[in-house]
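**Student:** build me a model from this:
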Amino acid sequence: MKDKGKHITVFEHQAIKLNQVINDVTFDSNDLKALQKYYGEEGVPFFGLTHNGVRFNEYVGVIQVANTTFEVLPKADKHEIDAKYWRNILIGMLKAVSGFEIKSTSESSLKIKPNSILDLYFELFIDEVEYLIHSGLIKQYRKKESNVNALKGSLLFGKHIQQNLTHQEKFFVRHNTYDYEHKLHFILYKTIRLLNQINTNENLNSRIGALLLYFPQMPDMKVLESTFEKIIYTRKNQSYKKAIEISKMILLNYHPDVSKGKNNVLALMFDMNMLWEQFVFASLKKNNAHKMSLSAQSKKLFWKKVDGQNSKIIPDIVINKDSEKCVVLDTKWKNLNGFNPSPDDLRQMYVYHEYYSANKVALIYPSNTNSIIKGNYYNTNKNELDNKECSIINISVPKHGDNENISIKEWQNKIAKVLFDSL
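**Tutor:** As a prediction, this is how the structure comes out:
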């Protein structure tokens with residue numbers, strides 16, 4: 001029976017030490033050595049090494065090393081340390097940003113409460129592949145070389161002579177065949193086999209085993225970033241897109257231990273600042289009742305070195321109500337707890353004011369309550385307040401609820417209402 005493994009849950013920016021007990025689970029020397037080896041000489045952005053321990057950074061998600069899963073959760077409130085609550089927040093935000101939906105044919109999806117987002121993505125992948133199998137896997141044309149009894153396609157003369165000196169009734173040819181062996185199935189089969197190897201959630205074992213049984217066996221292939229970039233989706237294979245996207249996330253973030261084979265690493269980690277930015281933008285886009293123009297990561301040239309490259313400024317979100325009214329928003333995943341924004345953040349917003357000719361700029365923070373704190377920049381020439389406005393908009397994180405999906409949806413509605421009303 002497969003080892004269930006250890007599960008250690010921490011929060012972003014939390015430090016843990018050797019032999020520390022976290023929710024009845026000990027962070028032992030094997031765990032520390034595995035993380036140190038993964039960190040290596042070049043380091044990783046997800047955590048830093050300390051004396052006999054590690055300190056996690058602003059990345060959240062999961063790092064599975066061998067049979068130990070480190071789950072790193074977000075936390076915007078220093079008083080709220082409920083892991084289940086913040087796990088639901090993270091899962092809800094990831095769903096909203098990624099757009100993963102559960103197929104109607106897979107109503108059993110997410111019946112189990114995921115122990116981490118690793119379980120979530122594994123189960124979402126299983127759901128997608130089960131849906132594809134139930135719907136019928138697609139076939140594609142491919143070139144094939146084989147020794148056949150009837151001449152079809154083009155005769156490969158050299159190989160034909162080599163293979164058929166004593167079998168003159170056969171022909172070695174290159175021809176088209178229409179079957180299940182194509183890149184999409186190679187990727188999915190490789191992912192199924194990997195899940196069968198690394199999954200530690202016993203509730204998913206039987207479903208992964210069923211996929212191995214029902215999915216056609218495929219040849220192994222080397223998967224790189226370019227493998228996914230070359231995939232062209234059509235109306236015929238569009239239903240594969242979600243499963244392939246999850247496969248990409250899993251396969252490209254899996255790092256096998258080639259030396260000993262004991263400390264294989266799968267790291268599905270997300271920059272929380274980037275996730276918060278994408279979540280706010282998705283909330284505005286989903287609830288844009290006034291049909292305002294929204295753009296994310298809108299670049300403008302800022303500075304150029306003589307005979308060199310340009311530097312650009314890239315605000316998180318730009319909202320245009322009409323051709324004359326512009327609002328620039330910048331999201332920050334941290335709780336100000338009543339303090340002012342950093343001078344660097346305020347200077348950054350001042351630049352956005354100038355370069356985008358904005359009517360307003362605002363910094364968006366998660367908080368305990370919704371609030372809008374208005375402020376203005378000084379006119380340096382007159383040493384008095386100018387009409388250039390920079391607001392601090394605090395967005396309250398949803399309260400505890402039995403159904404996290406509903407609370408996330410309501411949260412998105414409230415985010416959009418607060419931000420659009422502030423315009």
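**Student:** so who does the closest residue to V351 other than its chain neighbours touch?
**Tutor:** Closest residue to V351 in three dimensions, ignoring its sequence neighbours and counting by Cβ to Cβ, 6 or more residues apart in numbering: I313, at 6.2 Å. Glycine gets a C-beta too; all of them are placed from N, C-alpha and C. Under the criterion of Cβ atoms under 8 Å, 6 or more residues apart in numbering, the neighbours of I313 are 299-300, 302, 351-352, 355.
**Student:** what segments of the stretch 1-150 of the chain are strands?
**Tutor:** If you assign secondary structure with DSSP state E, counting those that start in this stretch, the strands in the stretch 1-150 of the chain sit at 6-11, 15-17, 21-22, 25-26, 47-50, 53-56, 59-65, 68-73, 140-148.
**Student:** and L195, which of those is closest to it?
**Tutor:** Proximity of these to L195 was assessed by Cβ to Cβ; the nearest stretch is strand 59-65, lying at 11.5 Å.
**Student:** who does that closest one pair up with?
**Tutor:** Strand 59-65 pairs in its sheet with strand 68-73 (antiparallel), strand 265-271 (antiparallel), by DSSP bridges.
**Student:** got the angle between that strand and strand 6-11?
**Tutor:** Taking axes from the mean of the first three to the mean of the last three Cα atoms, to 10 degrees, strand 59-65 and strand 6-11 form an angle of 160 degrees between their directions.
**Student:** find me the pLDDT at the residue nearest the centre of the chain, would you?
**Tutor:** Computing the C-alpha centroid of the chain and ranking residues by Cα atoms, centre = their mean puts F270 first, at 6.0 Å. Per-residue confidence at F270 stands at 92 (pLDDT).
**Student:** ditto for P398
**Tutor:** pLDDT for P398: 82.
**Student:** got the contact list for the strand ranked longest in the chain?
**Tutor:** Identified as the longest strand of the chain according to DSSP state E is strand 384-396. Residues external to strand 384-396 that are found in contact with it (Cβ under 8 Å, 6+ apart): 280, 336, 341, 346, 349-350, 353, 359-379, 414-415, 418-419, 422.
**Student:** so which of these are in strands?
**Tutor:** Of the positions in the contacts of strand 384-396, 360-367, 371-373, 376-379 sit in strands, assigned by DSSP E.
**Student:** mind checking how far V397 is from I372?
**Tutor:** Using Cβ to Cβ, to the nearest Å, V397 is found at 16 Å from I372.
**Student:** same drill for those two, tell me which one is more crowded.
**Tutor:** Each of V397 and I372 has its neighbours counted (other Cβ atoms under 10 Å); V397 has more, 19 against 13.
**Student:** can you redo the strands paired with strand 59-65 as JSON lines with distance to L184?
**Tutor:** Output for those, formatted as JSON lines (distance: least, Cβ to Cβ, whole Å):
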{"stretch": "strand 68-73", "distance to L184": "29"}
{"stretch": "strand 265-271", "distance to L184": "22"}
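**Student:** quick check: angle from the longest strand of the chain to strand 360-367?
**Tutor:** 30 degrees.
**Student:** partner strands of strand 384-396, with direction?
**Tutor:** Based on DSSP bridges, the strands next to strand 384-396 in the sheet, each with its direction, are strand 360-367 (parallel), strand 371-373 (antiparallel), strand 376-379 (antiparallel).
**Student:** out of those strands, indicate the one that is most buried.
**Tutor:** Most buried of the strands paired with strand 384-396, by mean neighbour count (mean count of other Cβ atoms under 10 Å): strand 360-367, with a mean of 23.
**Student:** show residues contacting it.
**Tutor:** Contact partners of strand 360-367, identified using Cβ under 8 Å, 6+ apart, comprise 76, 276, 280, 327-336, 341, 345, 349-350, 352-353, 389-397, 419, 422-423.
**Student:** single out the most deeply packed of the strands paired with strand 59-65.
**Tutor:** Of the strands paired with strand 59-65, the one with the most neighbours on average (mean count of other Cβ under 10 Å) turns out to be strand 68-73, with a mean of 24.
**Student:** just to revisit the earlier point, which among the ones in strands among the contacts of strand 384-396 gets closest to E202?
**Tutor:** Closest to E202, out of all of the ones in strands among the contacts of strand 384-396 and judged by Cβ to Cβ, is P366, at 34.8 Å.
**Student:** burial check on the residue nearest to that closest one when sequence neighbours are not counted, number of neighbours?
**Tutor:** Spatial nearest neighbour of P366, excluding adjacent residues (Cβ to Cβ, 6+ apart): A76 at 3.8 Å. Residue crowding around A76 was assessed by other Cβ under 10 Å; the count is 20.
**Student:** who are the contact partners of A76?
**Tutor:** Under the criterion of Cβ under 8 Å, 6+ apart, the contact partners of A76 comprise 333-335, 366-367, 397.
**Student:** hmm, back to that, could I have the longest strand of the chain exported to PDB, CA atoms only?
**Tutor:** The C-alpha coordinates for strand 384-396 follow below in PDB (Å, rounded to 0.1, in the frame of the first residue of the first chain):
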ATOM      1  CA  GLU A 384       0.400  72.700  -0.800                       C
ATOM      2  CA  LEU A 385      -1.900  69.800  -1.600                       C
ATOM      3  CA  ASP A 386      -2.600  69.300  -5.300                       C
ATOM      4  CA  ASN A 387      -5.700  67.800  -6.900                       C
ATOM      5  CA  LYS A 388      -3.800  64.600  -7.700                       C
ATOM      6  CA  GLU A 389      -5.600  62.000  -5.700                       C
ATOM      7  CA  CYS A 390      -4.200  58.600  -4.400                       C
ATOM      8  CA  SER A 391      -6.600  56.500  -2.400                       C
ATOM      9  CA  ILE A 392      -6.000  53.500  -0.200                       C
ATOM     10  CA  ILE A 393      -8.800  51.000  -0.800                       C
ATOM     11  CA  ASN A 394      -9.000  48.200   1.800                       C
ATOM     12  CA  ILE A 395     -11.000  45.100   0.600                       C
ATOM     13  CA  SER A 396     -12.300  42.900   3.400                       C
END
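**Student:** buried set for that strand?
**Tutor:** Using 16 or more other Cβ atoms under 10 Å as the burial criterion, the residues of strand 384-396 that qualify are 388-396.
**Student:** quick check: the farthest pair among these?
**Tutor:** Of all pairs drawn from the buried residues of strand 384-396, the one with the longest distance (Cβ to Cβ) is K388 and S396, at 27.1 Å.
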